[in-house]
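Participant: What follows is a protein structure lacking sequence information:
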C-alpha cells in the first residue's frame, strides 16, 4: 500500500494498492481479513501502532512485523498486537558500533550475505518425520560433509538450541537454522523435508 503510487508506476510485476493504510477500507481492499502476514514500515510509530490495532481487530490470527523508530514505541507496538518489532535505529546503532569494534567480522558478514556474485542465505527448514536424518545426531548426519551447509541452531518447540553439540539429535518437527549457498540449501531442504 502506498499513499502515492507515483514511485510504483514503473514496476509491472508488483501488486499494490494506492491509499492510506490507516483507513479501514484500504486495509480491507488489500485483503487484510484473509492475509497471513502484515509488514508495517511506516515512518511514524503512531501510524504503525494504529494499523496494528486495526489489523488485529479485523484478523486476530494475522502475523504482524513492524518497524519502530523509538525505543519506547516497541512496548506499545507489542501491546497493540505486533508479533515482531524491529527497532531500526537500534539496529543501525549496533551495526555502527560493531563496525568500529569488530570491523573484520562485519566485513566478512557483509561480503558473504551481500555479495552479488555469491548467493548465501540463512534458512529455516523443518525436519520431516520421513526424513532419513530424523532421529540421527548432527555428527552422524554428516550435514556439513554431505550437503555443504552449516547448522547454526535448532528450534525444538519453544526452545532454541544455539550452536548445537555434535550428539544433538534431529527430531521430527525441529526447525533447523542453517547457513550455506542457496543451491546447497535447496538440496538439503529436500533431504530434510
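Facilitator: Okay, I see it. A quick note: this is a predicted structure, and the numbers were derived from the prediction, not measured. Numbering: from 1, shown residues only.

Participant: Could you use CA atoms for every contact and neighbour count after this?
Facilitator: Fine.

Participant: For the chain, just list every one of the strands.
Facilitator: 37-40, 63-68, 84-87, 120-126, 150-156, 159-162, 175-181 (DSSP state E).

Participant: Run through the residues that contact the residue of the chain positioned farthest from its centre.
Facilitator: Here the centre of the chain is the reference, and by CA atoms, centre = their mean the most remote residue is residue 140, at 29.4 Å. Counting by CA atoms under 8 Å, 6 or more residues apart in numbering, residue 140 touches residue 167.

Participant: roughly how far apart are it and residue 120?
Facilitator: 25 Å (CA to CA, to the nearest Å).

Participant: Tell me what angle the lowest-mean-pLDDT helix or strand in the chain forms with strand 175-181.
Facilitator: Every helix and strand in the chain was compared by mean pLDDT, DSSP states H and E; the lowest is helix 103-114, with a mean of 80. Interaxial angle, helix 103-114 versus strand 175-181 (axes from the mean of the first three to the mean of the last three CA atoms, to 10 degrees): 90 degrees.

Participant: mean confidence for stretch 18-32?
Facilitator: The average pLDDT within stretch 18-32 is 92.

Participant: from the chain's centre, how far out does it sit?
Facilitator: 24 Å (CA atoms, centre = their mean, to the nearest Å).

Participant: Buried residues, that stretch. List them.
Facilitator: By neighbour count with 16 or more other CA atoms under 10 Å, stretch 18-32 contains the buried residues 19, 21, 22, 26, 27, 30, 32.

Participant: What is the end-to-end distance of that stretch?
Facilitator: Span of stretch 18-32 from end to end, CA to CA: 15 Å.

Participant: so where is the chain shaky, pLDDT-wise?
Facilitator: Within the chain, the set of residues satisfying pLDDT under 70 comprises 1-12, 113-118.

Participant: still on that earlier bit, relative to residue 191, how far out is the residue farthest from the centre of the chain?
Facilitator: Residue 140 is 15 Å from residue 191, by CA to CA.
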